[in-house]
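Participant: Build the 3D model from these lines:
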Amino acid sequence: MQAGNMAESVHNILIGVTGSVATVKLEMLVTTLKQDIPNGCIKVICTENALKFFDIAKIDAKVITDDQEWKSWQKVGDPVLHIDICKWADILIISPLDANTLAKVACGICDNLLTCVVRAWRRDKPLLFAPAMNSFMYDHPITEQQIDTLRRFGYELISPVEKKLACGDFGIGAMAPVESIVDCIKVHLQ
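Facilitator: You can find the predicted model right below:
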């Protein structure tokens, strides 16, 4: 599909954000996606810790939180939010993926809305993940094992970069630039 055709189709884009300081870039990610994919319909799922890093009112997309999973369910037969979200979305990008959520996903733990969505995610739809964490955490041997596990699931890594981190350290672990993440999303939607 050529770039012109991408604008003609509606693409349901789901962004997952976690408790990494890189979540401060969510507003820029949503804005860039809306500019580059004009017919993209964007929803954001955030973990409780992600809420510490952005203001929901500043995000030009529907933001879904953990508590909404249970507010919509009263009895058997009611819609199940994490399943409905999986059916709705064409692509899922977890950006940033913190060390905690990486570990949960690699082990199959689903104790919040985002991890439930990942656990129910159909393997014929793209799932991209952009880790973001301190270099000491990124360089830990378990991180490599967990990333390899996600890749074996068929998920695509958007590698972190080396730079000065929010804590002041210099090293690998910073989330990939927003433009790189958007480019990866566009490739999968073509």
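Participant: how about the strands in this structure?
Facilitator: 11-17, 40-46, 62-64, 91-97, 127-131, 156-157, 161-164, 170-174 (DSSP state E).
Participant: I'd say L92 and V17 touch.
Facilitator: No. In this structure, L92 is not within contact of V17 by Cβ atoms under 8 Å, at 11.6 Å. For every residue, glycine as well, the C-beta is placed using N, CA and C.
Participant: Bridged to the residue sitting nearest the centre point of the chain, which residues?
Facilitator: Centroid check for the chain by Cα atoms, centre = their mean gives I94 as the closest residue, at 1.6 Å. Listed by DSSP bridges, the beta-bridge partners for I94 are G16, F129.
Participant: Relative to P38, how far out is it?
Facilitator: 23 Å (Cβ to Cβ, to the nearest Å).
Participant: Could you list the low-pLDDT ranges of this structure?
Facilitator: 1-8 (pLDDT under 70).
Participant: What segments of it are helices?
Facilitator: Taking DSSP state H as the test, the helices found in the chain are 3-8, 26-36, 66-71, 81-88, 99-107, 113-120, 135-138, 141-152, 178-189.
Participant: So for E48, which of these sits nearest?
Facilitator: Nearest to E48, of all these, is helix 66-71, at 6.0 Å by Cβ to Cβ.
Participant: Just put the helices of the chain in a markdown table and tack on mean neighbour count and distance to E162.
Facilitator: What follows is the helices of the chain, written out as a markdown table (neighbours: other Cβ atoms under 10 Å; distance: least, Cβ to Cβ, whole Å):
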| stretch | mean neighbour count | distance to E162 |
| --- | --- | --- |
| helix 3-8 | 11 | 31 |
| helix 26-36 | 18 | 20 |
| helix 66-71 | 13 | 33 |
| helix 81-88 | 16 | 34 |
| helix 99-107 | 20 | 17 |
| helix 113-120 | 22 | 27 |
| helix 135-138 | 16 | 8 |
| helix 141-152 | 14 | 15 |
| helix 178-189 | 17 | 14 |
